[in-house]
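Asker: Would you be able to build a 3D model of this:
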Amino acid sequence: MKTIYITIFTLLLALPGTGLYAQPTYDLQFRLEQNEATVNGIYEVTAQIKANVDTFRMGSSNLVFTYNTAALSSPDPIGPGPDTLQIQAIHNFSGGGDYAKITLTEPAPGRMSLNIELFEPDSGAIVPMSFVDIATIRFTIEDETELSNLAWRSESPNPLTLFQNDEATVLNSASLADEVLLADLKVFLEGPYSGGSMSTTLNTGDYLPLEQPFNTAPWNYAGTESVAGIPAGVVDWVLVQIRSDETTEQATRAAFLKSDGMIVDLNGTSPITFDVPDNNYYMVIYHRNHLAIMSAAQVGLNEASTEAPYDFTTGQAQAYGTNPMKNIGGGSAFGMFTGDANSDGQVTSTDFNIFSPDFTSAQTGYLYSDWNMDGQVTSTDFNMFSPNFTSAAQSQVPSLSPGDKNIQPYIDPSQSGAQSVGESARVNRSGATQSETQKRIVITKEKSNER
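Answerer: Sure thing, here's the model as predicted:
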């Protein structure tokens, strides 16, 4: 069964000079949890919400959505009456001192409502600016060849209605966005790789930042991805970009890389999603001190998560260009080259010049010169750097078209007058700038505990 993720957006109500204010806005989406893709099998989704513009507190709400009755049958009723249906799991905005228990009802065939009831105005839980789970709903598959057609409902009768916690202000919904498509990807980094998986030392050592680290040159990515805590099994942050052709960016987002090579959403388990038209795209993977790679061909994102992931690790032919990856497993595993301390897409003496002072002063932390990603700069890092420097390893990812400025891949040194990306200053987490020879992010355990 093909799966459609739908996101609904709300409008801003701020008009200069009118006295109107900008209401908080929200997104709703379904995250696929399980699809057995067979008649009478399980089809399970989790409804999620996040705030835009500003956080707000959730009031009483009816989150109405529709589904395809030819594809799915609704959950069983819970007794004694037929009005309320089983919810597989309830996660937020339910119970405790503020809310009644969330209920699931079906006002009409193919139309359901998650019902949130706030006991007292001006209480309630905050809706954050990253997706949180509301409830998980389990359907039974009637026909695995049909689309689920899950969609939030904005038209009458029974439109979706969401109140702020004053129980008077309705946050106005606008229109349904394009479907959110799944990107199931697997990749290895050379640095932390050993024996079929990658180490999570930066995670267990409490070195990984809670916010995406790609907001500086050369990426200049303005995404707001952040977490309260790093999920178990995460190796590091990566930046995933999809391109409509070899040089045109369609969308970019930050995500986590797990020890088994899977790229996942911020909850640490789900495949990542993109709000883009149903099409085929080139997939680009960036990392802060490994050479970026791009899929050898365009990848379809319109299928359900039951499909196998696009696996970069199985061979050089999976990535774009000539020898775009490092043989890290005796021919059975391939990964992104390490050694790119200044993130300019090539392994050169400039990277060594960043490594050298860090090595001399025995730096520890979240370091661009820590090429094996164990939280410290040692001779082991140099031993990884040296063969990649000798072979003049460089990223094979084509530069973006001139109009695409969000992500800047390496600058070809053969271009006359081109300034190395490494010549620009980097801003560290404290806001201070660092020169090229000092460019690193140092997050000691002591600093990490201050977060």
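Asker: tell me which helix or strand of this structure sits lowest on mean pLDDT?
Answerer: Least confident helix or strand, the chain: strand 426-427 with a mean of 28, by mean pLDDT, DSSP states H and E.
Asker: Make sure I have this right: residue 242 is in a strand.
Answerer: Yes. The assignment for residue 242 is a strand, going by DSSP: H, G, I helix; E, B strand; the rest coil.
Asker: Next up, the contacts around residue 112.
Answerer: Going by C-beta atoms under 8 Å, 6 or more residues apart in numbering, residue 112 touches 64-67, 74, 85, 104-106, 137. From N, CA and C alone the C-beta is placed, and that goes for glycine too.
Asker: For those residues, give me a markdown table that also has distance to residue 206, pLDDT and secondary structure.
Answerer: A markdown table is the format used below for those (distance: C-beta to C-beta, whole Å; pLDDT from 0 to 100; DSSP: H, G, I helix; E, B strand; the rest coil):
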| residue | distance to residue 206 | pLDDT | secondary structure |
| --- | --- | --- | --- |
| 64 | 42 | 93 | strand |
| 65 | 39 | 93 | strand |
| 66 | 44 | 92 | strand |
| 67 | 42 | 92 | coil |
| 74 | 45 | 92 | coil |
| 85 | 43 | 93 | strand |
| 104 | 39 | 96 | strand |
| 105 | 44 | 94 | strand |
| 106 | 46 | 93 | strand |
| 137 | 36 | 94 | strand |
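Asker: among the residues you listed, who's most crowded?
Answerer: residue 137 (26 neighbours; other C-beta atoms under 10 Å).
Asker: Any idea what it is bridged to?
Answerer: Following DSSP bridges, residue 137 is listed with bridge partners residue 45.
Asker: Quick one: the helices in the stretch 251-400 of the chain, in order.
Answerer: Assigned by DSSP state H, counting those that start in this stretch, the stretch 251-400 of the chain shows helices spanning 349-360, 379-390.
Asker: Now do the last one: distance to the chain's middle.
Answerer: For helix 379-390, the gap between its own C-alpha mean and the chain's C-alpha mean amounts to 31 Å (C-alpha atoms, centre = their mean, to the nearest Å).
Asker: Need the residue closest to the centroid of this structure.
Answerer: Residue closest to the average C-alpha location in the chain (C-alpha atoms, centre = their mean): residue 255, at 3.5 Å.
Asker: which strand residues sit across from that one in the sheet?
Answerer: Note on residue 255: beta-bridge partners residue 238, judged by DSSP bridges.
Asker: wait, it sits on residue 274?
Answerer: No. Applying C-beta atoms under 8 Å, one finds residue 255 not in contact with residue 274, separated by 10.6 Å.
Asker: any chance of the contacts of residue 112 in JSON lines, plus distance to residue 47?
Answerer: Listed next are the contacts of residue 112 as JSON lines, based on distance: C-beta to C-beta, whole Å:
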{"residue": "64", "distance to residue 47": "11"}
{"residue": "65", "distance to residue 47": "8"}
{"residue": "66", "distance to residue 47": "13"}
{"residue": "67", "distance to residue 47": "12"}
{"residue": "74", "distance to residue 47": "15"}
{"residue": "85", "distance to residue 47": "14"}
{"residue": "104", "distance to residue 47": "10"}
{"residue": "105", "distance to residue 47": "14"}
{"residue": "106", "distance to residue 47": "15"}
{"residue": "137", "distance to residue 47": "7"}
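Asker: domain ranges for this structure?
Answerer: Recorded structural domains for the chain (assignment: automatic domain parsing) are 5-12+22-181, 184-412+420-448.
Asker: which stretches of the protein have low pLDDT?
Answerer: For the chain, applying pLDDT under 70 flags the ranges 1-23, 80-82, 172-180, 302-307, 402-451.
Asker: Please repeat the previous calculation with a cut-off of 50.
Answerer: For the chain, the stretches flagged by pLDDT under 50 are 1-21, 174-179, 303, 305-306, 405, 408-451.
Asker: picking that back up, ok, of the contacts of residue 112, which one's closest to residue 156?
Answerer: Residue 156 lies nearest to residue 64 out of the contacts of residue 112, by C-beta to C-beta, at 10.4 Å.
Asker: who's that closest one bridged to?
Answerer: Beta-bridge pairing of residue 64 under DSSP bridges involves residue 113.
Asker: Go ahead and confirm it touches residue 158.
Answerer: Yes. At 5.1 Å, residue 64 and residue 158 qualify as touching, with contact defined as C-beta under 8 Å.
Asker: which residues do these two both contact?
Answerer: Residues touching both residue 64 and residue 158 by C-beta under 8 Å, 6+ apart: 107, 111, 113.
Asker: Among those residues, name the buried ones.
Answerer: When those are checked for burial by 16 or more other C-beta atoms under 10 Å, the buried set is 111, 113.
Asker: Please produce JSON lines containing the shared contacts of residue 64 and residue 158, extended by distance to residue 264.
Answerer: As requested, the shared contacts of residue 64 and residue 158 are exported to JSON lines (distance: C-beta to C-beta, whole Å):
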{"residue": "107", "distance to residue 264": "35"}
{"residue": "111", "distance to residue 264": "32"}
{"residue": "113", "distance to residue 264": "30"}
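Asker: Near the nearest residue to residue 245 once chain neighbours are set aside, how many other residues are there?
Answerer: Sequence neighbours aside, residue 282 is the residue nearest to residue 245 in space, at 7.2 Å (criterion: C-beta to C-beta, 6 or more residues apart in numbering). For residue 282, the count of nearby residues is 23 (other C-beta under 10 Å).
Asker: same check, this time on residue 343
Answerer: Counted with other C-beta under 10 Å, residues neighbouring residue 343 total 26.
Asker: so the residue lying closest to residue 314 once chain neighbours are set aside bridges to which residues?
Answerer: Nearest non-adjacent residue to residue 314, counting by C-beta to C-beta, 6+ apart: residue 334, 7.2 Å away. As for beta bridges, residue 334 partners with residue 327 under DSSP bridges.
Asker: roughly how far apart are residue 334 and residue 165?
Answerer: Counting by C-beta to C-beta, to the nearest Å, the gap from residue 334 to residue 165 is 51 Å.
Asker: Between these two, tell me which one has more neighbours.
Answerer: Neighbours were counted for residue 334 and for residue 165 using other C-beta under 10 Å; residue 334 has more, 26 against 21.
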